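Participant: below are the sequence and a predicted model for it; my questions follow.
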Amino acid sequence: MIKAITGTKDILPEQISEWKRLEKIVEEKMSCFNYKEIRTPTFEETSLFSRGIGEATDIVSKEMYTFTDRSKTSITLKPEMTASVVRAFIEHKLSKKQNLHKLYYISSMYRQERPQAGRLREFHQFGAEAIGSDNPMLDAEMIELAYDILKSFGLKNLEVKINSLGVPSERESYKSELKKYLSDKFDSLSEDSKKRFETNILRIFDSKDERDIEIMDGAPKILDFLSDESLEHFEKVKNYLTGIGIEFKVDQKLVRGLDYYTNTTFEIVSGSVGSQSALCGGGRYNLLIEQLGGPPTPATGFAAGMERILLACQNEGCSQEDKSSLDVYLVRMEPAKTSDVFKIAAELRNNNLKTELDYLSRSVKAQMREANRLKARFVLFVGGEEFEKGYVVLKNMESGEQEDVKQDNLDAIINRLNLK
Ligand code: AMP
């Protein structure tokens, strides 16, 4: 039997209502904050990601789905959206249209990671990017927006962590200090961290190895290396958050995996999903647009993992029951013909009423069972003596009231059904 590829998942009909509930909240909140949706292709030229995300990152060095197509172009399935959004921003010269672009997306992403709970190879993210301003208010807005969506979905067990990585020169001097600090502890580091020491030293902070964690607890702190200007930016972000009542923790170990961050970084973690606890991460990336060939343009953004959010919600018991129901189920009885029922169904559906009928030649009793299973608000009996006299019978399933309605007076039925 052919099965879904490891790390990919089907989303079955019974799971869809929670996905839709989340998507609806995302769309409503994004619109409320005036973000406009953007959609980009599933695959891009590989160099977009290797240049944009950084060769030394985990994503680029070991997780991308990269292949050469028939025209010998190296193609990569998008592992994240920021690089694609920036590519679209540059390609369509959006900077000429207006100064600030507030964009959002909901899309599938692809990374060849080791699958585990909350870590898939095809997963879904929603996220936002504000391109065109260095205003710290936008950094705070990103956190507010992400937090607001998670709260509205019903999540409670959340923690906001923030940090600042400053500008590259500050980060470089921090990295060399970190290198000095770690060089005499090198032998005690885990194998992974030894590699990161050379390739991406900041990522040692992400290690889950206890010895590494202990060593990194004593490491120099990034905020001590930031200029007054960078610190002032960070201070403002914190003040904006405090001003709107969002609690946060400054976590100087929060370096995030990607090269393109400058100044603010943040994560929202959940205490309800085990080790893969980051529901959402983001930050400012003032240099990426220029790095990808666009005009120097400051920007900030975030991405949130939808599978993890759904898992957290399930674990917290905040999932909601699927309340969708039918407006009407048509029960056919002799001597009515299937074509009579089919025609009535067509007219009701033309009036946007959610209508179902029997396709399996079931008994009246079985049709009623089906109507109940589908939580039909009304049942319309088509058949029996009434039908011979030119009537159909409409039953309100909640009150149990029944009413005979002339078969050719569908307007009357539609009126009753429209009374929600
Ligand atoms: P990142 O782009 O790595 O900062 O990820 C942003 C968010 O996407 C994370 O906080 C996760 O919620 C989610 N995410 C990242 N990688 C995966 C994955 N492999 N499977 C499921 N969710 C993921």
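Facilitator: Arrived safely. Numbering: from 1, shown residues only.
Participant: how long is stretch 120-139 from one end to the other?
Facilitator: 28 Å (Cα to Cα, to the nearest Å).
Participant: same deal with stretch 381-397?
Facilitator: Span of stretch 381-397 from end to end, Cα to Cα: 12 Å.
Participant: what sits up against it?
Facilitator: For stretch 381-397, the external contacting residues (Cβ atoms under 8 Å, 6 or more residues apart in numbering) are 330-336, 340-341, 344, 371-372, 376-380, 401-408, 413, 416. Bear in mind the C-beta positions are built from the backbone N, C-alpha and C, glycine included.
Participant: how distant is it from the center of its chain?
Facilitator: Per Cα atoms, centre = their mean, to the nearest Å, the displacement of stretch 381-397 from the mean C-alpha position of its chain is 48 Å.
Participant: got the buried residues for it?
Facilitator: Phe381, Val382, Gly383, Gly384, Glu386, Phe387, Tyr391, Val392, Val393, Leu394, Lys395, Met397 (16 or more other Cβ atoms under 10 Å).
Participant: what's the nearest residue to the third one if we skip its chain neighbours?
Facilitator: The spatially closest residue to Gly383, leaving aside those adjacent along the chain, is Met333, at 2.7 Å (Cβ to Cβ, 6 or more residues apart in numbering).
Participant: can you give the domain ranges for the chain?
Facilitator: 13-167+227-316, 328-417 (automatic domain parsing).
Participant: quick one: neighbours of the residue nearest to Gly383, just the number.
Facilitator: Other residues within reach of Met333 by the criterion other Cβ atoms under 10 Å amount to 17.
Participant: which residues sit in contact with it?
Facilitator: Val364, Phe381, Val382, Gly383, Gly384, Phe387.
Participant: chain neighbours aside, what residue packs nearest to the first one?
Facilitator: Which is Val364. Val364 sits nearest to Met333 (Cβ to Cβ, 6+ apart), 5.5 Å away.
Participant: mind checking pLDDT for the one you found?
Facilitator: According to the prediction, Met333 has pLDDT 96.
Participant: mind pulling up the phi and psi values for it?
Facilitator: Torsion angles at Met333 (phi, psi; degrees, to the nearest 10) stand at phi -130, psi 160.
Participant: what of Gly305?
Facilitator: Per degrees, to the nearest 10, the backbone of Gly305 is at phi -90, psi 120.
Participant: hey, what's it bridged with?
Facilitator: Gly305 has the following beta-bridge partners by DSSP bridges: Gln125.
Participant: residues from this structure in reach of the ligand?
Facilitator: 80, 111, 113, 118-120, 123, 125, 278-281, 303-305, 307-308 (Cβ under 6 Å from any ligand atom).
Participant: which of those fall in helices?
Facilitator: Among those, the members found in helices (DSSP state H) are Glu307, Arg308.
Participant: in strands only, show me the residues of the chain next to the ligand.
Facilitator: Phe123, Gln125, Ala278, Leu279, Cys280, Gly281, Ala303, Ala304, Gly305 (DSSP state E).
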